[in-house]
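K.L.:
okay, predicted coordinates and the sequence, questions at the end:
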Amino acid sequence: MNRRAAWSSLAAAGLLFLAGCVSEPTRIQPGTSAAETLQRLGAPTGRYPLNGGGERLQYSRMPAGFEVVDIDLDASGKVVSVTQVLTEARFDHDIQVDRWRQNEVLAFYGKPYEISRVSSFDGTVWTWRYKAINERRMLYIYIDPTGVVRRYHTGDDLEFERIRD
């Protein structure tokens, strides 16, 4: 490869790296306008109204990814918080057993990786993939037939183990 081609390849790689940084939801800073956020990140995977006239822009990497980032805007359209919500440190604080309804789960975590049923629970089990350090894990939220969250737990992502075997 000649020198000019090498420099061109290096420049292209650098631009791709910068583009990846710009489109990373966690790099949005509080105070950024909704218009700039949408310009930098593109269309969100979910949009949800917040109390007080604000809005949540949600960027989920489901079903193949491990992150859901909620970007909350105030009533004037400015970013007030950016939160990667799929972390074990947050589950006990965030998930409201016997209070959250299915629409609140969607507004917080977005569409799950999977919805299934188990014989030991009358309702559905919504599942999200996430990472704890570098371990692939699953969050399971149990929603009863009336749409109320009744419990949740975490576990290992056994699907990954089956693929590797």
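P.N.:
Arrived safely.
K.L.:
please count neighbours and contacts with C-alpha atoms only from this point.
P.N.:
Will do.
K.L.:
what strand or helix carries Leu139?
P.N.:
Here Leu139, judged by DSSP states H and E, is contained in strand 135-143.
K.L.:
tell me what angle the following helix or strand past that strand forms with strand 135-143.
P.N.:
Downstream of strand 135-143, the next assigned helix or strand under DSSP H and E is strand 149-156. Counting by axes from the mean of the first three to the mean of the last three C-alpha atoms, to 10 degrees, strand 149-156 lies at 160 degrees to strand 135-143.
K.L.:
number of residues surrounding Ala35?
P.N.:
By other C-alpha atoms under 10 Å, 11 other residues sit near Ala35.
K.L.:
ok, Thr87 touching Trp128?
P.N.:
No - using C-alpha atoms under 8 Å, Thr87 makes no contact with Trp128, being 10.9 Å away.
K.L.:
compare these two and say which is more crowded by neighbours.
P.N.:
Trp128 (26 against 17).
K.L.:
count of neighbours near Val125?
P.N.:
Residues near Val125, counting by other C-alpha under 10 Å: 21.
K.L.:
and it, what helix or strand is that in?
P.N.:
Judged by DSSP H and E, Val125 forms part of strand 124-132.
K.L.:
show me what that strand pairs with in its sheet, parallel or antiparallel.
P.N.:
Partner strands for strand 124-132, per DSSP bridges, with pairing direction: strand 114-116 (antiparallel), strand 135-143 (antiparallel).
K.L.:
many thanks, we can stop here.
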